[in-house]
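Engineer: Got a sequence here, can you model it:
(chains A and B)
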Amino acid sequence: MTETVVRVSGLRCSYGDFDAVRGVDLDVRRGELFALLGTNGAGKTTTMETIEGHRPASGGSVRVLGHDPHRDRHKVRSRCGIMLQDSGFAGDLTVLETARLWQRMVERASDVDAALERIGLAHRRDVRVKQLSGGEKRRLDLALATLGGPEVLFLDEPTTGLDPESRETTWQLVRELLAQGTTVLLTTHYLEEAERLADRLAIMHEGRLAVAGSLVDVLDRERARISFDLPAGVGDALPDVGELDRDAIGEGRVHIRTRDLQADLSAVLRWAEHHTVRLTRFRAQHASLDEVFRDVVNGTREVTVAA
Amino acid sequence: MMSGALGAIFRAETKLLARNSAVAVSAVLVPAAMGVLFLNADDLLPGAGTSFLVTLMLLTVFGMSGCITAAASLSYRRDELYLKRLRSGNASDTTVLLGVLSPAIGVTLAQSVLMVVLVGTIASMLPTNPLLLLAVIVLGAALSIGLGMAVTGITSSSEQAQTVATPVVFALLGSGFWAGMSLTEGLSTLQLALPGGAVAELLRLAYSETSTFTGQLAEGLPALGVLAAWTVLALSAARRLFRWEPRQ
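Structural biologist: Residues are numbered from 1 along each chain as shown, chains lettered A, B, ... in the order given. Now for the predicted structure:
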(Lines give C-alpha, C1' and ligand atoms only; values in the text may rest on other atoms or scores of the structure.)
Protein backbone atom coordinates (compact mmCIF):
# COMPACT_ATOMS: atom_id res chain seq x y z
CA MET A 1 0.00 0.00 0.00
CA THR A 2 2.74 2.45 0.95
CA GLU A 3 5.09 3.15 -1.91
CA THR A 4 8.80 2.72 -1.35
CA VAL A 5 10.61 5.79 -2.64
CA VAL A 6 14.16 4.81 -1.76
CA ARG A 7 15.20 1.16 -1.76
CA VAL A 8 18.71 0.18 -0.79
CA SER A 9 19.79 -3.42 -0.56
CA GLY A 10 23.18 -4.84 0.29
CA LEU A 11 24.87 -1.50 -0.40
CA ARG A 12 28.65 -1.56 -0.25
CA CYS A 13 30.96 1.42 -0.91
CA SER A 14 34.72 1.26 -0.96
CA TYR A 15 37.46 3.83 -1.35
CA GLY A 16 40.47 1.89 -2.58
CA ASP A 17 40.72 -0.95 -0.08
CA PHE A 18 38.76 0.83 2.65
CA ASP A 19 35.15 -0.35 2.98
CA ALA A 20 33.19 2.70 4.13
CA VAL A 21 29.80 1.00 3.78
CA ARG A 22 29.56 -2.75 4.35
CA GLY A 23 26.13 -4.01 3.42
CA VAL A 24 23.29 -1.60 4.17
CA ASP A 25 19.60 -2.33 3.60
CA LEU A 26 17.03 0.37 4.03
CA ASP A 27 13.70 1.46 2.59
CA VAL A 28 12.20 4.91 2.76
CA ARG A 29 8.45 5.05 2.23
CA ARG A 30 6.59 7.87 0.55
CA GLY A 31 5.84 10.78 2.84
CA GLU A 32 7.93 9.66 5.80
CA LEU A 33 11.08 11.04 7.36
CA PHE A 34 13.80 8.46 7.74
CA ALA A 35 16.75 9.47 9.92
CA LEU A 36 20.17 7.92 9.58
CA LEU A 37 22.09 8.37 12.80
CA GLY A 38 25.69 7.64 13.57
CA THR A 39 28.99 8.96 14.78
CA ASN A 40 31.46 10.68 12.47
CA GLY A 41 33.00 8.17 10.11
CA ALA A 42 30.15 5.68 10.46
CA GLY A 43 29.48 5.85 6.72
CA LYS A 44 26.35 8.05 6.76
CA THR A 45 27.54 10.57 4.19
CA THR A 46 28.93 7.92 1.86
CA THR A 47 25.59 6.08 2.03
CA MET A 48 23.71 9.32 1.48
CA GLU A 49 25.84 10.45 -1.48
CA THR A 50 25.53 7.06 -3.13
CA ILE A 51 21.75 7.23 -2.79
CA GLU A 52 21.87 10.77 -4.24
CA GLY A 53 23.77 9.41 -7.25
CA HIS A 54 27.06 11.19 -6.64
CA ARG A 55 28.97 7.92 -6.97
CA PRO A 56 28.22 4.38 -8.08
CA ALA A 57 27.73 1.68 -5.45
CA SER A 58 30.65 -0.77 -5.14
CA GLY A 59 28.10 -3.51 -4.48
CA GLY A 60 24.40 -4.03 -3.88
CA SER A 61 21.69 -1.92 -5.40
CA VAL A 62 20.12 1.49 -4.92
CA ARG A 63 16.80 2.63 -6.39
CA VAL A 64 15.32 6.08 -6.02
CA LEU A 65 11.83 6.50 -7.47
CA GLY A 66 12.46 3.22 -9.29
CA HIS A 67 15.70 4.31 -11.00
CA ASP A 68 19.41 3.83 -10.47
CA PRO A 69 20.34 7.30 -9.16
CA HIS A 70 23.86 7.19 -10.59
CA ARG A 71 23.23 5.74 -14.03
CA ASP A 72 19.87 7.45 -14.60
CA ARG A 73 20.74 10.65 -12.78
CA HIS A 74 18.70 12.88 -15.09
CA LYS A 75 15.54 10.83 -14.49
CA VAL A 76 15.82 11.13 -10.71
CA ARG A 77 17.32 14.55 -10.06
CA SER A 78 14.45 16.65 -11.34
CA ARG A 79 12.34 15.18 -8.53
CA CYS A 80 14.93 15.42 -5.75
CA GLY A 81 16.35 18.13 -3.52
CA ILE A 82 19.83 17.63 -2.12
CA MET A 83 21.55 19.33 0.80
CA LEU A 84 25.15 18.20 0.94
CA GLN A 85 27.15 18.05 4.15
CA ASP A 86 29.34 20.88 2.81
CA SER A 87 27.41 23.62 1.08
CA GLY A 88 29.91 24.22 -1.73
CA PHE A 89 28.96 27.83 -2.30
CA ALA A 90 30.94 30.21 -4.49
CA GLY A 91 31.76 32.78 -1.79
CA ASP A 92 31.87 35.77 -4.14
CA LEU A 93 28.28 35.39 -5.35
CA THR A 94 25.55 37.14 -3.39
CA VAL A 95 22.73 35.25 -1.67
CA LEU A 96 20.28 36.23 -4.40
CA GLU A 97 22.69 35.37 -7.24
CA THR A 98 23.31 31.97 -5.63
CA ALA A 99 19.59 31.32 -5.31
CA ARG A 100 18.91 32.40 -8.91
CA LEU A 101 21.71 30.15 -10.17
CA TRP A 102 20.23 27.27 -8.24
CA GLN A 103 16.77 27.99 -9.58
CA ARG A 104 18.18 27.32 -13.06
CA MET A 105 20.05 24.25 -11.88
CA VAL A 106 17.00 22.47 -10.45
CA GLU A 107 14.73 23.36 -13.36
CA ARG A 108 11.55 23.40 -11.29
CA ALA A 109 9.17 26.30 -11.13
CA SER A 110 10.07 28.12 -7.93
CA ASP A 111 9.88 31.44 -6.13
CA VAL A 112 13.33 32.52 -4.95
CA ASP A 113 12.09 35.53 -2.98
CA ALA A 114 9.54 33.45 -1.08
CA ALA A 115 12.18 30.80 -0.35
CA LEU A 116 14.60 33.38 1.09
CA GLU A 117 11.77 34.98 3.06
CA ARG A 118 10.73 31.68 4.59
CA ILE A 119 14.23 30.89 5.78
CA GLY A 120 14.75 34.40 7.16
CA LEU A 121 17.42 35.51 4.68
CA ALA A 122 15.45 38.01 2.61
CA HIS A 123 17.24 40.97 4.23
CA ARG A 124 20.63 39.38 3.38
CA ARG A 125 19.90 38.90 -0.32
CA ASP A 126 22.61 41.26 -1.58
CA VAL A 127 25.32 40.05 0.80
CA ARG A 128 28.11 37.88 -0.58
CA VAL A 129 27.79 34.29 0.60
CA LYS A 130 31.29 34.29 2.14
CA GLN A 131 30.13 37.00 4.54
CA LEU A 132 27.24 34.90 5.91
CA SER A 133 27.56 33.20 9.29
CA GLY A 134 27.77 29.40 9.37
CA GLY A 135 24.12 29.17 10.41
CA GLU A 136 22.98 31.53 7.65
CA LYS A 137 24.89 29.48 5.06
CA ARG A 138 23.22 26.31 6.28
CA ARG A 139 19.79 27.95 6.06
CA LEU A 140 20.51 29.18 2.54
CA ASP A 141 21.56 25.64 1.69
CA LEU A 142 18.22 24.32 2.99
CA ALA A 143 16.33 26.97 1.04
CA LEU A 144 18.09 25.87 -2.15
CA ALA A 145 17.53 22.14 -1.51
CA THR A 146 13.82 22.72 -1.04
CA LEU A 147 13.45 25.14 -3.96
CA GLY A 148 10.53 24.25 -6.18
CA GLY A 149 9.15 21.59 -3.81
CA PRO A 150 11.06 18.37 -4.55
CA GLU A 151 9.28 15.04 -4.06
CA VAL A 152 12.25 13.55 -2.25
CA LEU A 153 14.58 15.53 -0.03
CA PHE A 154 18.06 14.43 1.07
CA LEU A 155 19.44 16.35 4.03
CA ASP A 156 22.98 15.56 5.18
CA GLU A 157 23.38 16.96 8.69
CA PRO A 158 21.10 19.94 8.06
CA THR A 159 21.41 21.45 11.53
CA THR A 160 25.08 20.91 12.35
CA GLY A 161 26.53 24.18 13.59
CA LEU A 162 23.15 25.89 14.00
CA ASP A 163 22.07 27.73 17.14
CA PRO A 164 18.93 26.38 18.87
CA GLU A 165 16.67 28.99 17.29
CA SER A 166 17.85 28.28 13.73
CA ARG A 167 17.56 24.58 14.43
CA GLU A 168 13.94 25.10 15.45
CA THR A 169 13.32 27.09 12.21
CA THR A 170 14.82 24.25 10.19
CA TRP A 171 12.71 21.63 11.95
CA GLN A 172 9.61 23.74 11.37
CA LEU A 173 10.35 23.94 7.64
CA VAL A 174 10.99 20.19 7.44
CA ARG A 175 7.68 19.53 9.24
CA GLU A 176 5.85 21.76 6.77
CA LEU A 177 7.40 19.86 3.86
CA LEU A 178 6.43 16.54 5.43
CA ALA A 179 2.89 17.79 5.83
CA GLN A 180 2.89 18.55 2.11
CA GLY A 181 3.85 14.95 1.39
CA THR A 182 7.60 15.30 0.83
CA THR A 183 9.68 12.20 1.55
CA VAL A 184 12.79 13.01 3.56
CA LEU A 185 15.99 11.07 4.19
CA LEU A 186 18.10 12.84 6.77
CA THR A 187 21.41 12.15 8.47
CA THR A 188 22.19 13.62 11.84
CA HIS A 189 24.22 13.05 14.92
CA TYR A 190 21.69 14.87 17.05
CA LEU A 191 19.50 12.28 18.71
CA GLU A 192 16.96 14.94 19.59
CA GLU A 193 16.55 15.73 15.90
CA ALA A 194 15.71 12.12 15.10
CA GLU A 195 13.37 11.86 18.09
CA ARG A 196 11.50 15.01 17.11
CA LEU A 197 11.21 14.41 13.36
CA ALA A 198 11.71 10.80 12.36
CA ASP A 199 9.00 8.29 11.55
CA ARG A 200 11.68 5.64 11.29
CA LEU A 201 15.37 5.65 11.94
CA ALA A 202 18.52 3.61 11.74
CA ILE A 203 21.74 3.85 13.67
CA MET A 204 24.80 3.32 11.55
CA HIS A 205 28.08 2.10 12.98
CA GLU A 206 31.25 1.09 11.18
CA GLY A 207 29.60 0.85 7.79
CA ARG A 208 26.56 -1.15 8.91
CA LEU A 209 23.10 -0.45 10.26
CA ALA A 210 23.26 -1.58 13.87
CA VAL A 211 19.61 -0.82 14.62
CA ALA A 212 16.70 0.12 12.41
CA GLY A 213 12.98 0.54 12.82
CA SER A 214 10.38 2.97 14.07
CA LEU A 215 11.33 5.13 17.02
CA VAL A 216 9.00 3.12 19.29
CA ASP A 217 10.40 -0.18 18.00
CA VAL A 218 13.97 0.88 18.54
CA LEU A 219 13.29 2.20 22.04
CA ASP A 220 11.17 -0.83 22.95
CA ARG A 221 13.96 -3.24 22.22
CA GLU A 222 16.22 -1.37 24.58
CA ARG A 223 15.56 -2.16 28.22
CA ALA A 224 13.98 0.37 30.51
CA ARG A 225 15.55 1.21 33.87
CA ILE A 226 14.33 1.28 37.46
CA SER A 227 16.61 2.67 40.14
CA PHE A 228 16.49 3.69 43.81
CA ASP A 229 18.80 3.94 46.81
CA LEU A 230 19.42 0.60 48.51
CA PRO A 231 17.11 0.66 51.57
CA ALA A 232 18.69 -0.18 54.92
CA GLY A 233 17.81 -3.51 56.50
CA VAL A 234 16.61 -5.46 53.48
CA GLY A 235 19.81 -7.48 53.20
CA ASP A 236 19.92 -9.73 50.18
CA ALA A 237 16.17 -9.81 49.77
CA LEU A 238 16.08 -7.63 46.67
CA PRO A 239 13.19 -7.77 44.19
CA ASP A 240 13.55 -10.61 41.72
CA VAL A 241 12.88 -8.71 38.50
CA GLY A 242 14.83 -7.82 35.37
CA GLU A 243 18.59 -7.71 35.57
CA LEU A 244 20.31 -6.34 38.65
CA ASP A 245 23.49 -4.34 38.43
CA ARG A 246 25.76 -5.91 41.09
CA ASP A 247 28.35 -3.10 40.94
CA ALA A 248 25.76 -0.45 41.72
CA ILE A 249 24.59 -2.34 44.83
CA GLY A 250 28.09 -2.04 46.24
CA GLU A 251 27.67 1.72 45.85
CA GLY A 252 24.36 1.68 47.69
CA ARG A 253 22.14 1.96 44.67
CA VAL A 254 19.76 -0.52 43.06
CA HIS A 255 19.75 -0.50 39.26
CA ILE A 256 17.35 -2.77 37.43
CA ARG A 257 17.21 -3.19 33.66
CA THR A 258 13.88 -4.48 32.42
CA ARG A 259 12.11 -5.34 29.21
CA ASP A 260 8.70 -5.06 30.88
CA LEU A 261 8.69 -1.79 32.73
CA GLN A 262 5.08 -1.85 33.86
CA ALA A 263 5.06 -5.36 35.34
CA ASP A 264 8.47 -5.07 36.92
CA LEU A 265 7.72 -1.68 38.38
CA SER A 266 4.59 -3.10 40.03
CA ALA A 267 6.71 -5.93 41.41
CA VAL A 268 9.23 -3.47 42.87
CA LEU A 269 6.45 -1.48 44.53
CA ARG A 270 4.90 -4.64 45.98
CA TRP A 271 8.32 -5.66 47.26
CA ALA A 272 8.79 -2.26 48.94
CA GLU A 273 5.37 -2.51 50.55
CA HIS A 274 6.10 -6.02 51.73
CA HIS A 275 9.36 -4.92 53.35
CA THR A 276 7.78 -1.65 54.49
CA VAL A 277 10.63 0.42 53.12
CA ARG A 278 10.45 3.85 51.60
CA LEU A 279 12.28 4.12 48.25
CA THR A 280 14.39 7.27 47.99
CA ARG A 281 15.64 8.82 44.74
CA PHE A 282 13.24 6.44 43.09
CA ARG A 283 13.26 6.59 39.31
CA ALA A 284 11.72 4.58 36.47
CA GLN A 285 12.41 5.48 32.90
CA HIS A 286 11.98 4.23 29.42
CA ALA A 287 15.18 3.80 27.40
CA SER A 288 16.24 6.91 25.53
CA LEU A 289 17.56 7.01 22.01
CA ASP A 290 20.73 8.29 23.62
CA GLU A 291 21.17 4.97 25.44
CA VAL A 292 20.50 2.92 22.33
CA PHE A 293 23.01 5.04 20.50
CA ARG A 294 25.63 4.71 23.21
CA ASP A 295 25.14 0.97 23.36
CA VAL A 296 25.62 0.67 19.63
CA VAL A 297 28.70 2.86 19.58
CA ASN A 298 30.28 1.14 22.57
CA GLY A 299 29.46 -2.18 21.01
CA THR A 300 28.35 -3.46 24.40
CA ARG A 301 25.44 -5.33 23.00
CA GLU A 302 24.15 -6.60 19.70
CA VAL A 303 20.80 -5.05 19.02
CA THR A 304 18.84 -6.32 16.08
CA VAL A 305 15.44 -5.02 15.17
CA ALA A 306 13.53 -5.73 12.02
CA ALA A 307 13.28 -2.63 9.85
CA MET B 1 16.14 23.38 -20.32
CA MET B 2 19.82 22.44 -20.22
CA SER B 3 20.78 25.68 -21.93
CA GLY B 4 19.16 27.46 -18.97
CA ALA B 5 21.57 25.75 -16.61
CA LEU B 6 24.55 26.35 -18.92
CA GLY B 7 23.70 30.03 -19.26
CA ALA B 8 23.23 30.38 -15.50
CA ILE B 9 26.61 28.78 -14.70
CA PHE B 10 28.24 30.95 -17.37
CA ARG B 11 26.77 34.14 -15.91
CA ALA B 12 27.83 33.13 -12.40
CA GLU B 13 31.36 32.30 -13.58
CA THR B 14 31.69 35.58 -15.43
CA LYS B 15 30.71 37.50 -12.29
CA LEU B 16 33.15 35.45 -10.24
CA LEU B 17 35.96 36.12 -12.72
CA ALA B 18 35.27 39.84 -12.61
CA ARG B 19 35.20 39.79 -8.78
CA ASN B 20 38.43 37.83 -8.40
CA SER B 21 40.98 40.40 -9.51
CA ALA B 22 43.97 38.02 -9.34
CA VAL B 23 42.42 35.59 -11.81
CA ALA B 24 41.07 38.39 -13.99
CA VAL B 25 44.53 39.96 -14.24
CA SER B 26 46.29 36.73 -15.18
CA ALA B 27 43.57 35.73 -17.63
CA VAL B 28 42.96 39.05 -19.36
CA LEU B 29 45.58 41.72 -18.69
CA VAL B 30 48.83 39.75 -18.64
CA PRO B 31 48.41 38.00 -22.02
CA ALA B 32 47.16 41.23 -23.61
CA ALA B 33 50.16 43.13 -22.27
CA MET B 34 52.59 40.43 -23.35
CA GLY B 35 50.99 40.36 -26.78
CA VAL B 36 51.49 44.09 -27.20
CA LEU B 37 55.05 43.68 -25.95
CA PHE B 38 55.79 41.07 -28.64
CA LEU B 39 54.29 43.39 -31.22
CA ASN B 40 56.97 45.96 -30.46
CA ALA B 41 59.76 43.41 -30.40
CA ASP B 42 60.22 42.97 -34.10
CA ASP B 43 63.89 42.24 -33.63
CA LEU B 44 63.21 39.49 -31.07
CA LEU B 45 64.16 36.84 -33.58
CA PRO B 46 65.32 38.54 -36.77
CA GLY B 47 64.48 36.68 -39.93
CA ALA B 48 61.73 34.58 -38.40
CA GLY B 49 59.11 36.60 -40.24
CA THR B 50 56.25 38.58 -38.75
CA SER B 51 53.97 35.53 -38.62
CA PHE B 52 56.24 34.41 -35.79
CA LEU B 53 55.00 37.36 -33.71
CA VAL B 54 51.49 36.01 -34.07
CA THR B 55 52.79 32.60 -32.95
CA LEU B 56 54.26 34.02 -29.75
CA MET B 57 51.17 36.12 -29.08
CA LEU B 58 48.76 33.24 -29.58
CA LEU B 59 50.87 30.75 -27.59
CA THR B 60 50.92 33.26 -24.72
CA VAL B 61 47.15 33.55 -24.88
CA PHE B 62 46.73 29.75 -25.01
CA GLY B 63 49.06 29.32 -22.05
CA MET B 64 47.89 32.14 -19.80
CA SER B 65 44.21 32.58 -20.67
CA GLY B 66 43.62 28.93 -21.54
CA CYS B 67 45.79 26.57 -19.55
CA ILE B 68 46.46 28.56 -16.37
CA THR B 69 42.95 30.02 -16.09
CA ALA B 70 41.34 26.61 -16.63
CA ALA B 71 43.66 24.92 -14.12
CA ALA B 72 43.20 27.64 -11.49
CA SER B 73 39.46 28.05 -11.77
CA LEU B 74 38.61 24.35 -12.00
CA SER B 75 40.72 23.38 -9.02
CA TYR B 76 39.43 26.32 -7.00
CA ARG B 77 35.82 25.38 -7.76
CA ARG B 78 36.58 21.75 -6.98
CA ASP B 79 38.20 22.53 -3.64
CA GLU B 80 35.40 24.77 -2.43
CA LEU B 81 33.07 21.86 -3.39
CA TYR B 82 31.23 24.11 -5.81
CA LEU B 83 31.59 21.52 -8.60
CA LYS B 84 30.02 18.93 -6.34
CA ARG B 85 27.14 21.27 -5.58
CA LEU B 86 26.56 21.95 -9.28
CA ARG B 87 26.47 18.20 -9.81
CA SER B 88 23.68 17.96 -7.22
CA GLY B 89 21.35 19.80 -9.55
CA ASN B 90 19.71 18.58 -12.68
CA ALA B 91 22.42 19.55 -15.19
CA SER B 92 24.62 16.96 -16.89
CA ASP B 93 28.36 16.72 -16.16
CA THR B 94 29.14 18.16 -19.60
CA THR B 95 26.94 21.18 -18.93
CA VAL B 96 28.59 21.79 -15.54
CA LEU B 97 32.08 21.47 -17.00
CA LEU B 98 31.39 23.67 -20.02
CA GLY B 99 29.73 26.24 -17.79
CA VAL B 100 32.62 26.42 -15.33
CA LEU B 101 35.17 26.51 -18.16
CA SER B 102 33.22 29.01 -20.24
CA PRO B 103 35.16 32.10 -19.06
CA ALA B 104 38.48 30.38 -19.86
CA ILE B 105 37.16 29.33 -23.27
CA GLY B 106 35.62 32.75 -23.96
CA VAL B 107 38.64 34.76 -22.84
CA THR B 108 41.05 32.56 -24.83
CA LEU B 109 39.04 32.90 -28.03
CA ALA B 110 38.43 36.64 -27.56
CA GLN B 111 42.11 37.34 -26.78
CA SER B 112 43.21 35.32 -29.81
CA VAL B 113 40.97 37.38 -32.05
CA LEU B 114 42.23 40.55 -30.36
CA MET B 115 45.84 39.58 -31.12
CA VAL B 116 45.03 38.94 -34.78
CA VAL B 117 43.26 42.30 -34.97
CA LEU B 118 46.21 44.06 -33.27
CA VAL B 119 48.64 42.54 -35.75
CA GLY B 120 46.32 43.47 -38.59
CA THR B 121 45.94 47.10 -37.55
CA ILE B 122 49.36 47.92 -36.11
CA ALA B 123 51.62 45.73 -38.28
CA SER B 124 49.18 45.85 -41.24
CA MET B 125 49.44 42.14 -41.61
CA LEU B 126 46.35 40.12 -42.51
CA PRO B 127 46.14 36.35 -42.81
CA THR B 128 46.00 35.09 -46.38
CA ASN B 129 44.47 31.84 -45.15
CA PRO B 130 41.91 32.57 -42.38
CA LEU B 131 40.89 28.90 -42.31
CA LEU B 132 44.32 27.79 -41.08
CA LEU B 133 44.35 30.65 -38.57
CA LEU B 134 40.91 29.60 -37.30
CA ALA B 135 42.10 25.98 -36.98
CA VAL B 136 45.08 27.13 -34.89
CA ILE B 137 42.87 29.20 -32.60
CA VAL B 138 40.25 26.47 -32.08
CA LEU B 139 42.71 23.60 -31.65
CA GLY B 140 45.08 25.73 -29.56
CA ALA B 141 42.29 26.76 -27.21
CA ALA B 142 41.07 23.17 -26.84
CA LEU B 143 44.63 21.89 -26.33
CA SER B 144 45.53 24.44 -23.69
CA ILE B 145 42.27 24.14 -21.75
CA GLY B 146 42.58 20.34 -21.89
CA LEU B 147 46.10 20.62 -20.46
CA GLY B 148 44.85 22.93 -17.70
CA MET B 149 42.09 20.48 -16.83
CA ALA B 150 44.54 17.57 -16.76
CA VAL B 151 46.83 19.52 -14.42
CA THR B 152 44.02 19.85 -11.84
CA GLY B 153 43.92 16.05 -11.60
CA ILE B 154 47.45 15.81 -10.24
CA THR B 155 47.36 18.81 -7.90
CA SER B 156 45.50 19.39 -4.68
CA SER B 157 45.04 23.17 -4.58
CA SER B 158 44.45 26.08 -6.89
CA GLU B 159 47.88 27.57 -6.14
CA GLN B 160 49.54 24.24 -6.83
CA ALA B 161 47.60 23.89 -10.08
CA GLN B 162 48.90 27.28 -11.25
CA THR B 163 52.45 26.33 -10.26
CA VAL B 164 52.28 23.05 -12.15
CA ALA B 165 50.59 24.70 -15.15
CA THR B 166 53.36 27.28 -15.50
CA PRO B 167 56.08 24.91 -16.86
CA VAL B 168 53.45 23.47 -19.21
CA VAL B 169 52.93 26.99 -20.52
CA PHE B 170 56.69 27.52 -20.85
CA ALA B 171 57.00 24.26 -22.75
CA LEU B 172 54.29 25.45 -25.12
CA LEU B 173 55.99 28.82 -25.62
CA GLY B 174 59.49 27.31 -25.69
CA SER B 175 58.65 24.81 -28.41
CA GLY B 176 57.22 27.70 -30.45
CA PHE B 177 60.32 29.80 -29.86
CA TRP B 178 62.63 26.93 -30.83
CA ALA B 179 60.69 26.45 -34.06
CA GLY B 180 60.99 30.18 -34.72
CA MET B 181 64.76 29.83 -34.99
CA SER B 182 64.42 27.50 -37.99
CA LEU B 183 61.22 28.84 -39.50
CA THR B 184 62.81 30.27 -42.66
CA GLU B 185 64.89 27.22 -43.61
CA GLY B 186 62.17 24.73 -42.60
CA LEU B 187 61.48 22.89 -39.34
CA SER B 188 63.10 19.63 -38.33
CA THR B 189 60.79 16.69 -37.71
CA LEU B 190 61.14 17.06 -33.95
CA GLN B 191 60.44 20.80 -34.08
CA LEU B 192 57.33 20.18 -36.12
CA ALA B 193 56.20 17.36 -33.86
CA LEU B 194 55.92 19.70 -30.87
CA PRO B 195 52.74 21.75 -30.37
CA GLY B 196 54.51 25.14 -30.49
CA GLY B 197 56.29 24.12 -33.72
CA ALA B 198 53.04 23.03 -35.32
CA VAL B 199 51.44 26.36 -34.39
CA ALA B 200 54.42 28.31 -35.78
CA GLU B 201 54.34 26.34 -39.04
CA LEU B 202 50.57 26.71 -39.46
CA LEU B 203 50.73 30.46 -38.84
CA ARG B 204 53.68 30.85 -41.25
CA LEU B 205 51.42 29.30 -43.89
CA ALA B 206 48.35 31.27 -42.82
CA TYR B 207 50.26 34.54 -43.32
CA SER B 208 52.34 33.40 -46.32
CA GLU B 209 51.99 35.38 -49.52
CA THR B 210 53.83 32.99 -51.83
CA SER B 211 51.39 30.09 -51.87
CA THR B 212 47.80 29.59 -53.07
CA PHE B 213 44.93 28.97 -50.62
CA THR B 214 44.74 25.25 -51.40
CA GLY B 215 48.52 25.04 -51.54
CA GLN B 216 48.69 26.45 -48.00
CA LEU B 217 46.14 23.88 -46.81
CA ALA B 218 47.99 20.99 -48.44
CA GLU B 219 51.33 22.14 -47.06
CA GLY B 220 49.80 22.62 -43.62
CA LEU B 221 48.34 19.12 -43.33
CA PRO B 222 51.24 17.56 -41.36
CA ALA B 223 51.32 20.43 -38.85
CA LEU B 224 47.54 20.33 -38.61
CA GLY B 225 47.74 16.59 -37.89
CA VAL B 226 50.33 17.20 -35.18
CA LEU B 227 48.26 19.92 -33.50
CA ALA B 228 45.10 17.81 -33.69
CA ALA B 229 46.95 14.84 -32.20
CA TRP B 230 48.25 16.96 -29.29
CA THR B 231 44.73 18.26 -28.73
CA VAL B 232 43.27 14.75 -28.60
CA LEU B 233 46.08 13.74 -26.24
CA ALA B 234 45.44 16.72 -23.95
CA LEU B 235 41.69 16.14 -23.88
CA SER B 236 42.03 12.44 -23.13
CA ALA B 237 44.53 13.24 -20.36
CA ALA B 238 41.97 15.71 -19.01
CA ARG B 239 39.28 13.06 -19.14
CA ARG B 240 41.43 10.51 -17.33
CA LEU B 241 42.94 12.76 -14.68
CA PHE B 242 40.15 15.21 -13.87
CA ARG B 243 38.44 14.75 -10.48
CA TRP B 244 35.13 16.27 -9.42
CA GLU B 245 35.95 16.22 -5.74
CA PRO B 246 39.06 16.97 -3.69
CA ARG B 247 41.08 13.95 -2.58
CA GLN B 248 39.57 12.21 0.44
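
Engineer: Which residues of chain B lie near chain A?
Structural biologist: By CB under 8 Å from any CB of the partner chain, the part of chain B that sits against chain A consists of B:1, B:4-5, B:7-9, B:11-12, B:15-16, B:19-20, B:77, B:80-92, B:248. For every residue, glycine as well, the C-beta is placed using N, CA and C.

Engineer: How many residues are close by residue 238?
Structural biologist: No chain was given, so I picked chain A. Neighbour count for residue A:238, taken as other CB atoms under 10 Å in any protein chain shown: 16.

Engineer: um, chain B though
Structural biologist: With other CB under 10 Å as criterion, residue B:238 counts 22.

Engineer: Would you confirm that it contacts residue B:146?
Structural biologist: Yes - shown here, residue B:238 and residue B:146 form a contact pair, counting by CB atoms under 8 Å, at 4.4 Å.

Engineer: List buried residues within the residues of chain B next to chain A.
Structural biologist: Using 16 or more other CB atoms under 10 Å in any protein chain shown as the burial test, the residues of chain B next to chain A include B:5, B:8-9, B:11-12, B:15-16, B:20, B:77, B:80-92 as buried.

Engineer: can you list the weak-confidence ranges in the chain?
Structural biologist: No chain in the question, so chain A it is. Within chain A, the ranges that satisfy pLDDT under 70 run A:1, A:300-307.

Engineer: Hmm, no, I was thinking of chain B.
Structural biologist: The model of chain B has pLDDT under 70 over residues B:1-3, B:41-48, B:248.

Engineer: wait, what's in contact with the most centrally placed residue in it?
Structural biologist: The structure's chain B has its C-alpha centroid closest to residue B:62; by CA atoms, centre = their mean the separation is 2.3 Å. Contact analysis of residue B:62 by CB atoms under 8 Å, 6 or more residues apart in numbering or on different chains lists B:108, B:112, B:140, B:141, B:143, B:144, B:172.

Engineer: Correct me if wrong, but it is in a helix.
Structural biologist: Yes - remark: residue B:62 belongs to a helix, assigned using DSSP: H, G, I helix; E, B strand; the rest coil.

Engineer: before we move on, the earlier item: from the contacts of residue B:62, list the buried ones, please.
Structural biologist: B:108, B:112, B:140, B:141, B:143, B:144, B:172.

Engineer: now, among these, which is nearest to chain A?
Structural biologist: Nearest to chain A among these is residue B:108, at 21.4 Å by CB to the nearest CB.

Engineer: Run through the bridge partners of the closest residue to residue A:214 other than its chain neighbours.
Structural biologist: Of all residues not flanking residue A:214 in the chain, residue A:200 sits nearest, at 5.1 Å (CB to CB, 6 or more residues apart in numbering or on different chains). Taking DSSP bridges as the rule, residue A:200 bridges to residue A:34, residue A:214.

Engineer: Is it correct that residue A:200 is in contact with residue A:34?
Structural biologist: Yes - Residue A:200 sits in contact with residue A:34 when judged by CB under 8 Å, with a separation of 5.3 Å.

Engineer: Name the residue in those two with the higher neighbour count.
Structural biologist: Neighbours per residue, other CB under 10 Å: of residue A:200 and residue A:34, the larger number sits with residue A:34, 24 against 21.

Engineer: Any figure for the gap between the more buried one and residue A:24?
Structural biologist: According to CB to CB, to the nearest Å, residue A:34 and residue A:24 sit 12 Å apart.

Engineer: can you give me the helices for the chain?
Structural biologist: Because you didn't say which chain, this covers chain A. A:44-52, A:73-77, A:95-106, A:112-118, A:134-145, A:164-179, A:191-197, A:215-221, A:246-250, A:261-274, A:289-298 (DSSP state H).

Engineer: Hmm, no, I was thinking of chain B.
Structural biologist: All helices of chain B, identified by DSSP H, fall at B:2-19, B:21-24, B:30-39, B:51-61, B:69-79, B:82-86, B:93-122, B:130-153, B:158-180, B:189-193, B:195-206, B:213-241.
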